[in-house]
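Trainee: fold the following for me, if possible:
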Amino acid sequence: MHYYVFKITEPTPVVKNCEYLDKFEVFKEAKNYARSLRAELPLNGAVTIKMIHAANQLQAEELLQEKREKTIVMEWEK
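Mentor: Predicted coordinates for the structure are as follows:
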């Protein structure tokens with residue numbers, strides 16, 4: 001399994017555009033690449049960089065497209 005790095009934009013809450021950037025076999029290399037890209041992004045939050053571990057690029061895109069519920073933060077966890 002590889003580590004895939006994507007640039008994600010969300011023009012609307014329903015649509016999520018995933019742009020494939022690169023693939024790595026070593027976690028540390030992927031992490032450093034994603035961090036360097038995040039450092040170059042503007043602070044407005046319109047674009048995000050995500051790294052995901054998957055068997056292939058198609059599975060990685062499918063995992064990124066899944067709608068995940070926000071976790072409930074309890075009062076003592078704040």
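
Trainee: name the nearest residue to residue 10, ignoring sequence neighbours.
Mentor: Once flanking residues are discounted, residue 10 sits nearest to residue 16: 5.3 Å by CB to CB, 6 or more residues apart in numbering. Glycine gets a C-beta too; all of them are placed from N, C-alpha and C.

Trainee: ok, the one you found - contacts?
Mentor: With contact taken as CB atoms under 8 Å, 6 or more residues apart in numbering, residue 16 is in contact with 8-10, 64-65.

Trainee: how near is it to residue 77?
Mentor: To residue 77, residue 16 is 27 Å away according to CB to CB, to the nearest Å.

Trainee: pLDDT below threshold where in this protein?
Mentor: For the chain, applying pLDDT under 70 flags the ranges 78.

Trainee: could you redo the last one with a cut-off of 90?
Mentor: 10-16, 40-47, 64-78 (pLDDT under 90).

Trainee: quick one, helices of it?
Mentor: Secondary structure of the chain (DSSP state H): helices located at 27-40, 57-65.

Trainee: adding mean neighbour count and distance to residue 48, write those helices out as TSV.
Mentor: Listed next are the helices of the chain as TSV, based on neighbours: other CB atoms under 10 Å; distance: least, CB to CB, whole Å:
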stretch	mean neighbour count	distance to residue 48
helix 27-40	13	8
helix 57-65	15	10
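
Trainee: with distance to residue 1 as added columns, please give the ones you listed in TSV.
Mentor: Below are the helices of the chain laid out as TSV (distance: least, CB to CB, whole Å):
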stretch	distance to residue 1
helix 27-40	11
helix 57-65	9
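
Trainee: not counting its neighbours along the chain, what's nearest the residue nearest the centre of the chain?
Mentor: Closest to where the C-alpha atoms of the chain average out (CA atoms, centre = their mean) is residue 50, at 1.8 Å. Take residue 50 and drop its neighbours on the chain: the residue closest to it by CB to CB, 6+ apart is residue 6, 5.2 Å away.
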